[in-house]
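Undergrad: Please work out how this folds:
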Amino acid sequence: MSKKVLITGGAGFIGSHVVRLFVEKYPNYQIYNLDALTYAGNLENLVDIELASNYTFIKGDITDENVIESLFDTYKFDNVIHLAAESHVDRSIEDPLAFVKTNVVGTMVLLNAFKNCWNEDFNDKLFYHISTDEVYGSLGETGLFTETTAYDPNSPYSASKASSDHFVRAYGETYKIPYVITNCSNNYGQNQFPEKLIPLFINNIINNKPLPVYGDGNYTRDWLYVKDHAIAIDLVFHKGRQGETYNIGGFNEWKNIDLITLLCQQMDNKLNRVNGSSEKLITYVKDRPGHDLRYAIDASKIKKELGWEPSVTFEEGLKVTIDWYLNNKVWLNNVTSGAYKSYYQKQYS
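TA: Predicted structure coming up:
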């Protein structure tokens, strides 16, 4: 059955992997990629599928109500996979209102357009909202986040995502919009903008720059390979129960300093450097405000109901990720220099 699927933020890190998977796996679906192409949106992430007959790119801002309403009127999207978001905690501390605008107002604009387009005729329709484990707050040394864990956000970013989650649920209850929500752990993999830990440190090691580690480096995160996340999104989209939340995690906890040490060791090996060379670049810096001690997801629900589990270990995924960045230095240089922004102008002017 043909579907018209709107994927927001599809030129970003996670979004580009989801767009590619859907375009290649479902040739009878029409996939529409809506992205504002801010600093983290990069059409070079999708050059391999940009000419596919079932793929359309649309440049647009999810916070622009007139634009979004017009797009729904024109294309009649019957399914939405909502990934567009401001997602970097450090940026949210510097400019919290930008996160409210994109993550809260943008989600509201999409919900309203979806509701108005179908006017209660929601048969075979779905609004799929992608969220984060950070909405749950911080864990101590033990315990896991489950789908029923109370929300307790500690940063402007996580507060904005928690708010958007609540609005999606509220629209489901009030207007009977069919929805599903997933909350994922830290993603890593190919095409990630180098403001996040792993690609930032890969780039810094390549260029012999300091590796800034917050506090004592003992903050703990669960790490999820981005392609495994895309597969999980595909499963939830097609088989998830409407009105449900699914946590997606990597079953894979690492303290930051242990992860960084492993990364340094693998980079030294790949770059034929003396073992320990990259570790000398580690520099401890002042901790950021509201820093959550530990995130850890219980992903047993999605495993039990949909049969999903990670396909690679962290060590394997990290090796593949490092290889990709080392083999795609032009992409990395374009991103870090800002040159990637010219791609849209060249292709779509």
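Undergrad: which regions of the chain sit below the pLDDT cut-off?
TA: 1, 340-341, 343-349 (pLDDT under 70).
Undergrad: Tell me where the longest helix sits in it.
TA: Counting by DSSP state H, the longest helix found in the chain is helix 156-175.
Undergrad: Distance from the chain centre to the helix or strand following that helix, please.
TA: Using DSSP states H and E, the helix or strand that follows helix 156-175 towards the C-terminus is strand 179-184. Here strand 179-184 is found 12 Å from its chain centre; the criterion is CA atoms, centre = their mean, to the nearest Å.
Undergrad: Adjacent strands (with direction) for strand 179-184?
TA: Strand 179-184 pairs in its sheet with strand 126-132 (parallel), strand 245-248 (parallel), by DSSP bridges.
Undergrad: Now the last one - C-alpha only, CSV.
TA: Coordinates of the C-alpha atoms in strand 245-248 are reproduced here as CSV (Å, rounded to 0.1, in the frame of the first residue of the first chain):
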residue,chain,number,x,y,z
THR,A,245,5.9,4.8,24.0
TYR,A,246,8.9,2.6,23.3
ASN,A,247,12.4,3.2,24.7
ILE,A,248,15.2,2.5,22.3
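Undergrad: tell me the contacts of whatever residue is furthest in space from the centre of the chain?
TA: Largest separation from the mean C-alpha position in the chain: residue 274, at 34.5 Å (CA atoms, centre = their mean). The neighbours of residue 274, taking CB atoms under 8 Å, 6 or more residues apart in numbering as the test, are residue 268. For glycine as for every other residue, the C-beta is placed from the backbone atoms N, C-alpha and C.
Undergrad: measure it to residue 264 for me?
TA: 12 Å (CB to CB, to the nearest Å).
Undergrad: and what of residue 204?
TA: Taking CB to CB, one finds residue 204 at 11 Å from residue 264.
Undergrad: shared neighbours of these two, anything?
TA: Here residue 204 and residue 264 have 211, 281 as joint contacts, going by CB under 8 Å, 6+ apart.
Undergrad: Looking at those two, which has the bigger crowd around it?
TA: Neighbour count, other CB atoms under 10 Å: between residue 204 and residue 264, residue 264 has more, with 22 against 18.
Undergrad: separation between the more buried one and residue 257?
TA: Taken as CB to CB, the span from residue 264 to residue 257 is 10 Å.
Undergrad: what does residue 210 give?
TA: 15 Å.
Undergrad: okay, those two: which has more neighbours?
TA: Just comparing residue 210 and residue 257: by other CB under 10 Å the higher neighbour count belongs to residue 257, 17 against 12.
Undergrad: For the more buried one, which residues are in contact?
TA: Residue 257 neighbours (CB under 8 Å, 6+ apart): 213, 216, 217, 218.
Undergrad: Verify the contact between the third one and residue 255 for me.
TA: Yes - at 6.9 Å, residue 217 and residue 255 qualify as touching, with contact defined as CB atoms under 8 Å.
Undergrad: thinking again about what came up before, reformat the strands paired with strand 179-184 as TSV; add distance to residue 73.
TA: TSV is the format used below for these (distance: least, CB to CB, whole Å):
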stretch	distance to residue 73
strand 126-132	17
strand 245-248	30
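Undergrad: Could you dump those into TSV and include distance to residue 291 and mean neighbour count?
TA: Formatted as TSV, these follow (distance: least, CB to CB, whole Å; neighbours: other CB atoms under 10 Å):
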stretch	distance to residue 291	mean neighbour count
strand 126-132	15	24
strand 245-248	22	24
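Undergrad: ok, residue 162 - contacts?
TA: By CB under 8 Å, 6+ apart, residue 162 lies in contact with 135, 151, 153.
Undergrad: correction: residue 222
TA: Counting by CB under 8 Å, 6+ apart, residue 222 has contacts 133, 185, 186, 249, 250, 251, 252, 253, 295, 296, 297.
Undergrad: What segments of the stretch 101-250 of the chain are strands?
TA: Counting by DSSP state E, counting those that start in this stretch, the stretch 101-250 of the chain has strands at residues 126-132, 179-184, 186-188, 211-214, 220-225, 245-248.
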